[in-house]
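Asker: Quick one, fold the following:
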Amino acid sequence: MNILNTKRLELIRVSEDDAPFVFKLVNTPSWIKYIGDRGVETLDDAKKYILDGPVRSYREFGFGLFLMKLKNDDIPIGMCGLLKRKSLPDVDIGFAILPEYEKRGFTFEASSAVMDYAKNEVGLDRIIAITTNENKISIHLLEKLGLKFEEKLIVDEFKEEMLLYGHNF
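Answerer: Residues are numbered from 1 along each chain as shown. Here you go, the predicted model:
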């Protein structure tokens, strides 16, 4: 289901059919370093990750991570969307992209559309994001999106100090 369109991308709901792509994405070195190893070792694990993550989020909250696809080629290149974590007070924006598509503005393009979606479609008054101190690319993107550093905190699922960025609409 197509949710958002940008100049070069469409963002759609992730489904079990996307398991080969999700398997590839969650096993990239940058995903494992900055987001964490999710134990996705097989295509069946990827399907479970999709059902327990994005699909459950769509059902429970009406939003979740979306697949980023190139419009012209229908090629999946990353994920971007909204997450509601039990350990955080507000909805946060998350994103990841395959290394071969980094530094081309795709993540900013998708994230900007998700920010508009969060405000205008979901009706959020505030959005947050978390990242590690060493993830300079994400920090730069969050600041470019208008999020400001607020505090350092320990997030249960990451078990390490994270930086919390926030933005009030």
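Asker: for this protein, which helix is longest?
Answerer: The single longest helix within the chain, with elements called by DSSP state H, is helix 106-117.
Asker: Pull that one out as CSV, backbone CA atoms only.
Answerer: This file holds the C-alpha atoms of helix 106-117, laid out as CSV (Å, rounded to 0.1, in the frame of the first residue of the first chain):
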residue,chain,number,x,y,z
PHE,A,106,17.3,9.8,-0.3
THR,A,107,17.1,9.4,3.5
PHE,A,108,16.5,13.2,3.9
GLU,A,109,13.8,13.1,1.2
ALA,A,110,12.0,10.2,2.9
SER,A,111,12.4,11.5,6.4
SER,A,112,11.1,15.0,5.4
ALA,A,113,8.0,13.3,4.0
VAL,A,114,7.6,11.2,7.1
MET,A,115,7.9,14.3,9.3
ASP,A,116,5.0,15.9,7.3
TYR,A,117,3.1,12.7,7.5
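Asker: buried sites along it?
Answerer: By neighbour count with 16 or more other C-beta atoms under 10 Å, helix 106-117 contains the buried residues 106-115, 117. No exception for glycine: its C-beta is placed from N, CA and C like everyone else's.
Asker: For Arg59, state which of these is nearest.
Answerer: Proximity of the buried residues of helix 106-117 to Arg59 (C-beta to C-beta) peaks at Tyr117, which lies at 17.7 Å.
Asker: Spatially nearest residue to the closest one (excluding sequence neighbours)?
Answerer: For Tyr117, ignoring the flanking residues on the chain, the nearest one in space by C-beta to C-beta, 6 or more residues apart in numbering is Leu4 at 5.8 Å.
Asker: ok, how many other residues are close to the nearest residue to Pro20 once chain neighbours are set aside?
Answerer: Nearest residue to Pro20, sequence neighbours excluded (C-beta to C-beta, 6+ apart): Leu43, at 6.4 Å. Using other C-beta atoms under 10 Å, Leu43 has 13 neighbouring residues.
Asker: wait, Leu43 sits on Asp18?
Answerer: No. Using C-beta atoms under 8 Å, Leu43 is not in contact with Asp18; the gap is 10.6 Å.
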